[in-house]
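Asks: below is the sequence, then the predicted model.
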Amino acid sequence: MKESMIFTKSKKFASRVVKLYKFLCDEKKEYILSKQILRSGTSIGANLAEAAYASSRKDFANKQYIALKECSETLYWLELLKDNDYLTEEWFNNINNDCEEIKKMLSSSTKSITSNLQPPTSNLSQSGRSLIEMLGVLAIAGVMTAGAISMYNVVRTRQIRMVAVEDLKAIASNTKLLYAARRDFGGISTDYLVKSGVMKTEKSPLAGADFSVFAHPGVREFALVLNGLDFKTCGWLATVKLDWADRVSVNGYFESAATYCRKADKNEVAVWVK
């Protein structure tokens, strides 16, 4: 199974720190700073390993932040070891550069995660729903002509679909953040995403459709699955531009997916994300 790049680098770095610890104890007879750097240097990857099974996005972000702090502390101990002649300039530069690289990756990841912990409702969602509600009130009040009501239905359908796409995009983005340190998307389910804060409820983003999530074991890809779609909705979802998705399947078919939408039956559309 594939590991995330940051976890792989942190694990390799931990092995280097263990070797450094042995060198300091055996060759330099240094037993104080060596223990400090052994603890902090190996804790980086350990916290990322814990983050892979975080109970929520907040817990995941917290583990990532702890890993970042351990990384910063390790840089401090490396400086002390160099300043007190326990490390040569070449050795210091080599291992210090590795630690700095991990720190930059963790810093970027942590900022991204914390900024998305409470994603605001999109302006599109707000304006779309407001427009639908306003037109609905006019229709109910009987102040709209038949043509206007027809236009209202078109606008309503379009806005519902646009809002659904935005909601699916948010679910995909936050799911990727939640699983960032994991090897695959094992254990993914709508229930888990709700408990982790990725989704507010298990309710489908698209009204009238059943919603689920799916992932093959050992593969860094998951699917947002909408089932029970009519022919028109199936054709729309299979062809709408989704920059954040990798591919779309209809009733299990990927090539020319939209052509597999069935008129006489309900359809399943899966939006696949890596």
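Replies: Nice, thanks for sending it over.
Asks: helix or strand right after the helix or strand containing residue 82?
Replies: In this assignment (DSSP states H and E), residue 82 forms part of helix 57-83. Downstream of helix 57-83, the next assigned helix or strand under DSSP H and E is helix 89-115.
Asks: tell me the mean pLDDT for that following helix?
Replies: Helix 89-115 shows a mean pLDDT of 88.
Asks: tell me what that helix is packed against?
Replies: helix 5-26, helix 33-51, helix 57-83 (3 or more CB pairs under 8 Å, 6 or more residues apart in numbering; DSSP states H and E). Every residue, glycine included, has its C-beta placed from N, CA and C.
Asks: ok, 10 Å please
Replies: The contact analysis (3 or more CB pairs under 10 Å, 6 or more residues apart in numbering; DSSP states H and E) places helix 89-115 against helix 5-26, helix 33-51, helix 57-83, helix 146-178.
Asks: mind listing what's buried in that helix?
Replies: Buried residues in helix 89-115, counted by 16 or more other CB atoms under 10 Å: 92, 95-96, 98-99, 102-103, 105-106, 109-110, 113.
Asks: sorry, back to before: now mean pLDDT, mean neighbour count and distance to residue 221 too, for the helices and strands packed on helix 89-115, in a markdown table please.
Replies: Shown next, in a markdown table, are those (pLDDT from 0 to 100; neighbours: other CB atoms under 10 Å; distance: least, CB to CB, whole Å):
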| stretch | mean pLDDT | mean neighbour count | distance to residue 221 |
| --- | --- | --- | --- |
| helix 5-26 | 94 | 17 | 17 |
| helix 33-51 | 93 | 21 | 20 |
| helix 57-83 | 90 | 19 | 20 |
| helix 146-178 | 77 | 17 | 11 |
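Asks: and of those helices, who's closest to residue 218?
Replies: Proximity to residue 218 (CB to CB) singles out helix 5-26 among those, at 15.6 Å.
Asks: render the CA-only coordinates of that closest one in CSV, please.
Replies: Listed next in CSV are the C-alpha coordinates belonging to helix 5-26 (Å, rounded to 0.1, in the frame of the first residue of the first chain):
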residue,chain,number,x,y,z
MET,A,5,5.2,11.3,0.8
ILE,A,6,5.4,13.3,4.1
PHE,A,7,5.0,10.1,6.2
THR,A,8,7.6,8.2,4.1
LYS,A,9,10.1,11.1,4.5
SER,A,10,9.4,11.3,8.2
LYS,A,11,9.9,7.6,8.7
LYS,A,12,13.2,7.6,6.8
PHE,A,13,14.3,10.6,8.8
ALA,A,14,13.5,8.8,12.0
SER,A,15,15.8,6.0,11.0
ARG,A,16,18.6,8.5,10.4
VAL,A,17,18.0,9.9,13.9
VAL,A,18,18.3,6.5,15.4
LYS,A,19,21.6,6.0,13.7
LEU,A,20,22.7,9.4,14.9
TYR,A,21,21.7,8.5,18.4
LYS,A,22,23.8,5.4,18.3
PHE,A,23,26.8,7.3,17.0
LEU,A,24,26.6,10.0,19.7
CYS,A,25,26.4,7.3,22.4
ASP,A,26,29.0,4.9,21.1
